[in-house]
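S.K.: here's my sequence, what's the structure:
(chains A and B)
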Amino acid sequence: MTETPTSTPPLLTLSHASKAFGPVQALSDVSIELFPGEAHALLGENGAGKSTFVKILAGVHRRDSGALQVGGQDANFHSPGEATAAGIAIIYQEPTLFPDLSVAENVLMGRQPLAGLGRIDRATMRQQVAKILSELGVNLDPARRVRGLSIADQQLVEIAKALSLNANILIMDEPTAALTLSETERLFKVVRSLRARGAAVLFITHRLEEVFAECQRVTIMRDGMWVSSGPIAEYDTDKVVRQMVGRDLGELYPHGEAQLGEVALSVRGLTQPGVFRNISFEVRRGEIVGLAGLVGAGRSEVARAIFGIDPREAGEVKVNGHVLTPLSPQTTMAAGLGLVPEDRRQQGLVMDMSIERNANLAILNRLRKGWLMDRAAEADNARQWTEKLRLKAHSLSDPASSLSGGNQQKVVLAKWLATNPSVLIVDEPTRGIDVGAKAEVHRTLSELAASGLAVLMISSDLPEVLGMAGRILVMREGELVGEVSRAQASEEAVMYLATGQHKRQEGAA
Amino acid sequence: MTGRAAPTLAPSQNWFARLLRVREVSLVALLLIVTLGTAAINPLFLSFGSLKDLFLNVAIIALVVVGETIILLMKHVDLSVSSVVGLSAFLSGSLFVAFPGLPLPLAFVFGLLLGAVLGSVNGLLVAYGKVPALVATLGTLYVFRGVTYAVVHGGQINASNLPPAFLGFATGSVLGIPNLVLLVLVVMLGFGIYLGNYRGGREYYALGSNAEAAVLAGINVKRRTMIGFALSGAIAGLAGVLYLARFGTVDATAGTGLELQVIAAAVVGGVSINGGVGTLFGAGVGALLLGVMGSALVTLRAPGFYQQAIQGALLLAAISFDMLASRSAARRAAKGRQS
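M.R.: This is a model prediction of the structure:
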C-alpha cells in the first residue's frame, strides 16, 4: 500500500531458517518479513522448498535453526494449533473441511456460540458466519452443507474460518491453481479487503501476472535457499524467471544420440472439456520428448487419457499406426504403449509384493502354463529385466518396499519393458529420488531410447526435461502452448511458455 | 410423501439436507404402511398387548443402536456390543445371586461401568493402538464372549434367582408405557440432543466427516474416539442389565448376533457407514421398522426365514439409496460449477 514497509514494524519475521529431513537439506538460511497490509508473493520452481517453508510457519514442521517473530514476540510453534493461536492461518490449495457439516459449523467448529445449558445456539452461529461472509462480500448460505461446494467456495470458507480466528497473517498455497477466471477475480477482491484491514497475505503462486497485479513485495527461493526479496517495482518478469531458475546443468543427463525412426505415438486433437483441449503431437522411435508445464497444467491427465484410464471426449491416439480404443488400457497395452505413473508407491508398485512379482505383473498372461503360473518363466523374466536395468537388490524375493526410490522406479520400468512396448510414457520419473539415483534413471531412459523406444517424459523438474529431451512440449492450463527444440531450449524459454509470459517468445503459441 | 416442506427454497440450496429429511419421512411412511397394512389383514396387530410386546422387543436393540450410531458417525464400527450385552447380563445376574438385597440402581450402575470398561478396551485399541475398528471389535467380540463362557461355566441365571423388584421393573409401566421403553426413550432423547446441539456431540460428526480437518480444527481425535467407544460400551452394558430384567433367564449365549441387527437398524435409519451423516431419530426409526417388519411377518404367519431375507433386502435398499443420493449430489455439484 502507500506506506513504506520500513515505517511499520513487520507482523512476522522469519530469519535465517533452516530445515533438513535426514540427509536432505530442504531449507537453508531463508528469511522473510511480512508487513501489515501487504500481499507478498513467494516464488520458486517446484521443489524450491516453498512447501517446507509454509509448513514451518504453519507449525507442521519445526525449523532446525533460525528465529521466528510474530507480532514482535519470539515464537516457537510445536503444533498447528499454536500457529493458529498466534494469528497465522494457512489456506491450502485443497481445503480441509467437513463435507457433511454446514458452512457455519465448518467455520466455528469447537467455538460454536452457546445458549443455555451449553447448547449450541444455531441461530447466532449462522448470524456470526453470515456476517463474516458478507464482510468478505461473498454470497454463501451459512446453513448449507459444504459437500458440493466448488473449490473456490471452499477456500472462502477457509478464509472465513481464518477471520473468525482473528488471523492477521494469511498464507495461501497456490490458491488460484484450481480456480476459474471469475473465481480468481473474486478471491483477489477478498484479498484486497483483507489487506485493507491490515492483514498480511503471503501468496504462493506460479502465475506471474497475478504477482505483478496483486502483490506489493516478492521473495524468491531456489533449491531451498533464499535468493532475493524486495518491492515488486524492483522486479520484472525477466528478473523473476532468471532468479527462480538460474543454475547449471550438471553431468546428470547422459544423452545417447539416437537415430529417429518412424512415428510411434501420434496424438490428434485430444480434448476433455475442463481438463485439456486440442492436444496434438507425435513421438518418433528413438526420441525422448519432454512434456513440461506447471503442476496442474494437465500433463498427467493427458497421459492418463492416452493410456485409456481417463475418458477423452474427442481426439485420436495412434500407436504404430493403430488407432487406440478410448478407456481400454488392455488394448492400449497390447498395442505397445506403457505408462509409468506419477506416484510409484500408489499406482506403480504393489509395495508389499516381491520385486519379482511386481516386475511380472503386466505380463502374467504370458507367464502361464495352462491354468497355473510358470514359476521358472516368472523368475527368468524378472531376472532378465532387472539385470538389464542394473537393479540393486539383495534378492528378487524381497518386497518392493525394501528398495530405494531409484530402484523402485527401475522395477516399475522393468514391469513395462517386459511388455515389449514401442512407446513408454513416464510421469515424473525421478520425483523424490536422490541425485545419484536420478542419474541412473536418466541413463536407463536414454539407453532405452537409443535402442528404439519412443519416450514421452512428463516432468516438473526443468533441468531434467532440458537435459533429457530432444524436444520439449509445453502445456499451460490444459493447452499445448508451444514446442521448444533442444537447440533453443533454456529454462527461461520453457518457464515463459509455462507461465504465460511471452515477452521473449513472441508467437510461440 | 406427505411432508414436502418449503418448496420455495432454491433447488441447489439445502438439496442434500432436504433429501435427508425425505429419507426420514420415507422411513416413517414405510413404517406406517407396514403397520396399517398388517393391521388391515389382522386387526389384532394394533392391539395394546401386541404393540407393547413390539416396543419391548425393539427397546433393547434401539438402546444399543444409540451407542452404535455414535461409533458409526465417527466412521468406525463396534461389533463387540452383543458380547458386552451378554457379559453384562450374566454378571449383573450373578451379582443379584451373590447379594440378593442389592438396590436396583446399583445394578444399572454396575452394568454401565462394566460396559464402559469393556468399551474402553475397544477405544484403546482403535484410538491409541491404531487397530482398525472392524478388526479390534471383531477381536473383542470373541474375547468378551469367551470370557462370558468361562464365567458362566455351563450354568445359567434363572428368574427364580432374581429379586422380584428387579423383574418387576421390566414388567412395570407408567401410564401404560413400559418402564423399559421409557428408559430407552429417555436415553435416546438425551443423546439425540447431545449429538445435535452440543460441541462434544458435533465433534463425532466432524471426526467422521474428515478426520484430518478435525485435527486441524483442534479436536482431540484420540480422546474423542476413546470416549465414543466407552459410551458405546456403557450403553451396551446398560442394555445387558435390561436384557436380564426383561428375559429373567440368561445363559452364555445371551445377545449373540445382536451386533448385526443393531448395525442394520442404524444403516436402514440413515446413519452412513462412511461416517459424519445420520441422526439418532433416524436410527431409532430404523430399529422400529425392522422390529415392525419382524412382528408383521409373524402376524401374517410368514415362514421365519422371510424375516431375515427382508431385513437384508431393507439394508441393501438403504445402502443403495445412500449411494445414489451421494452420486447424484456430486453430479449436481459438478454441473453447478460448470455453469
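S.K.: please give me every residue in contact with the nearest residue to A:Leu403 once chain neighbours are set aside.
M.R.: Computed as Cβ to Cβ, 6 or more residues apart in numbering or on different chains, the closest residue to A:Leu403 that is not its neighbour in sequence is A:Ala393, at 6.0 Å. (C-beta placed from N, C-alpha, C; glycine too.) Counting by Cβ atoms under 8 Å, 6 or more residues apart in numbering or on different chains, A:Ala393 makes contact with A:355, A:386, A:402-403, A:407.
S.K.: now swap in A:Arg192 and tell me
M.R.: A:Arg192 sits next to A:Glu214 when contact means Cβ under 8 Å, 6+ apart.
S.K.: spell out which residues of the stretch 151-300 of chain B are next to chain A.
M.R.: Residues of the stretch 151-300 of chain B found near chain A (Cβ under 8 Å from any Cβ of the partner chain) are B:193, B:197-199, B:202-203, B:205-206, B:208-210, B:212-219, B:272, B:275-277.
S.K.: quick one: the helices in the stretch 351-500 of chain A, in order.
M.R.: Applying DSSP state H, counting those that start in this stretch to the stretch 351-500 of chain A gives helices spanning A:355-360, A:375-388, A:405-417, A:435-450, A:462-468, A:491-499.
S.K.: would you turn those into JSON lines with distance to chain B?
M.R.: Converted to JSON lines, the helices of the stretch 351-500 of chain A look like this (distance: least, Cβ to the nearest Cβ, whole Å):
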{"stretch": "helix A:355-360", "distance to chain B": "25"}
{"stretch": "helix A:375-388", "distance to chain B": "32"}
{"stretch": "helix A:405-417", "distance to chain B": "25"}
{"stretch": "helix A:435-450", "distance to chain B": "31"}
{"stretch": "helix A:462-468", "distance to chain B": "32"}
{"stretch": "helix A:491-499", "distance to chain B": "25"}
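S.K.: gap between B:Leu91 and B:Val84?
M.R.: Look at B:Leu91 and B:Val84: by Cβ to Cβ, to the nearest Å, they are 11 Å apart.
S.K.: list residues touching both of these two?
M.R.: By Cβ under 8 Å, 6+ apart, B:Leu91 and B:Val84 have these common neighbours: B:Leu114.
S.K.: re the thing from before, buried subset of the residues of the stretch 151-300 of chain B next to chain A?
M.R.: Buried subset of these (neighbour count, 16 or more other Cβ atoms under 10 Å in any protein chain shown): B:197-199, B:202-203, B:205-206, B:208-210, B:213-217, B:219, B:272, B:275-277.
S.K.: follow-up on the earlier one: buried members of the contacts of A:Ala393 into ChimeraX, please.
M.R.: This is how ChimeraX selects the buried members of the contacts of A:Ala393, with burial counted by 16+ other Cβ under 10 Å:
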select /A:355,386,403,407
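S.K.: can you name the two of the contacts of A:Ala393 that are farthest apart?
M.R.: A:Thr386 and A:Ser402 (13.7 Å; Cβ to Cβ).
S.K.: contacts only, for the most centrally placed residue in chain A.
M.R.: Nearest residue to the geometric centre of chain A (Cα atoms, centre = their mean): A:Val295, 4.1 Å. Residues in contact with A:Val295 (Cβ under 8 Å, 6+ apart) are A:46, A:174, A:177, A:206, A:460.
S.K.: ok, the last one - how many residues close by?
M.R.: Neighbours of A:Ser460 under the rule other Cβ atoms under 10 Å in any protein chain shown: 19.
S.K.: and for the third one?
M.R.: A:Ala177 has 19 neighbours, counted by other Cβ under 10 Å.
S.K.: isn't it right next to A:Glu210, touching?
M.R.: No - A:Ala177 sits out of contact with A:Glu210 when judged by Cβ atoms under 8 Å, with a separation of 10.7 Å.
S.K.: now the strands: where do they sit in the stretch 51-200 of chain A?
M.R.: For the stretch 51-200 of chain A, applying DSSP state E, counting those that start in this stretch gives strands covering A:65-70, A:73-74, A:88-91, A:169-173, A:200-204.
S.K.: give the partner strands of the fourth one in its sheet and their orientations.
M.R.: This points to strand A:169-173. Strands adjacent to strand A:169-173 in the sheet, as given by DSSP bridges, are strand A:88-91 (parallel), strand A:200-204 (parallel).
S.K.: my guess is A:Leu194 meets A:Ile169, correct?
M.R.: No - with contact defined as Cβ under 8 Å, A:Leu194 does not reach A:Ile169; the gap is 10.3 Å.
S.K.: what is the burial count for the nearest residue to A:Val465 once chain neighbours are set aside?
M.R.: Among residues not flanking A:Val465 along the chain, A:Gly290 sits closest, at 3.8 Å (Cβ to Cβ, 6+ apart). Each residue near A:Gly290 was counted by other Cβ under 10 Å, and the total is 27.
S.K.: tell me the contacts of A:Gly290?
M.R.: Applying Cβ under 8 Å, 6+ apart, the residues contacting A:Gly290 are A:457-459, A:465-466, A:468-469, A:471-473.
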